[in-house]
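Novice: just coords:
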């Protein structure tokens, strides 16, 4: 990881012998950027939750170096299937946030003006989308499981599958 310039810069700027800041920032990058992160359950609140729990700062905002390393980490692990999975997750999270904000209220002046039948129909659609999302997640995880290398190991995050010629001969 330290061979990648984006990560090396974070490491080098931490002058502390124990590299606590760099390690915390690496943890932030992992928990925000990894497609299998335990923090994915927080949806669009993931960054704030990781900031609070990992960085111990609810108001933490990653600087440019951390953002660039995060982008690199996401890009290095993504296949087309994973990009699609991330996109669908973000869409579902946005829909859920929208529905969280819809509330029926009593009283003439503060009644929300929308058709309840449209909302219930949309909620049924979301249920179908979530089922498809779960199926797609399973497909992505199975795709990862099929990437086996010589000796029974798995392809690492920073390995180039196209140049790993031993993988092609193993799968034949």
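Specialist: That came in fine, so what should we check first? Predicted model only: the values in this text are computed from it and were never measured.
Novice: Could you list the domains of the protein?
Specialist: Under the assignment automatic domain parsing, the domains of the chain span 5-77, 80-145.
Novice: Quote the end-to-end distance of the longest one.
Specialist: In this case it means domain 5-77. End-to-end distance for domain 5-77, by Cα to Cα, to the nearest Å: 17 Å.
Novice: And that domain, how far out from the chain middle?
Specialist: 12 Å (Cα atoms, centre = their mean, to the nearest Å).
Novice: Likewise for the shortest one?
Specialist: Centroid separation for domain 80-145 versus its chain: 17 Å, with Cα atoms, centre = their mean.
Novice: Doesn't residue 60 lie inside a strand?
Specialist: No. Counting by DSSP: H, G, I helix; E, B strand; the rest coil, one finds residue 60 to be coil, located in no strand.
Novice: What count of nearby residues applies to it?
Specialist: The number of residues packed near residue 60 is 18, by other Cβ atoms under 10 Å. No exception for glycine: its C-beta is placed from N, CA and C like everyone else's.
Novice: Would you mind finding the most buried of the domains of the chain?
Specialist: domain 5-77 (a mean of 15; mean count of other Cβ atoms under 10 Å).
Novice: Give me the mean pLDDT for it.
Specialist: Domain 5-77 carries an average pLDDT of 94.
Novice: Would you tell me which helix is longest in this structure?
Specialist: helix 116-145 (DSSP state H).
Novice: what packs against that one?
Specialist: helix 80-101 (3 or more Cβ pairs under 8 Å, 6 or more residues apart in numbering; DSSP states H and E).
Novice: Can you list the helices and strands that the helix it packs on packs against?
Specialist: Under the contact criterion of 3+ Cβ pairs under 8 Å, 6+ apart, helix 80-101 touches helix 116-145.
Novice: now the helix it packs on against helix 80-101, angle please.
Specialist: Taking axes from the mean of the first three to the mean of the last three Cα atoms, to 10 degrees, one finds that helix 116-145 is oriented at 150 degrees with respect to helix 80-101.
Novice: Return the residues in contact with residue 35.
Specialist: Residue 35 makes contacts with 77, 78, 82, 85, 86, 140, as judged by Cβ atoms under 8 Å, 6 or more residues apart in numbering.
Novice: Could I get those residues in a markdown table, plus columns for distance to residue 20?
Specialist: Converted to a markdown table, these look like this (distance: Cβ to Cβ, whole Å):
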| residue | distance to residue 20 |
| --- | --- |
| 77 | 25 |
| 78 | 29 |
| 82 | 31 |
| 85 | 33 |
| 86 | 30 |
| 140 | 33 |
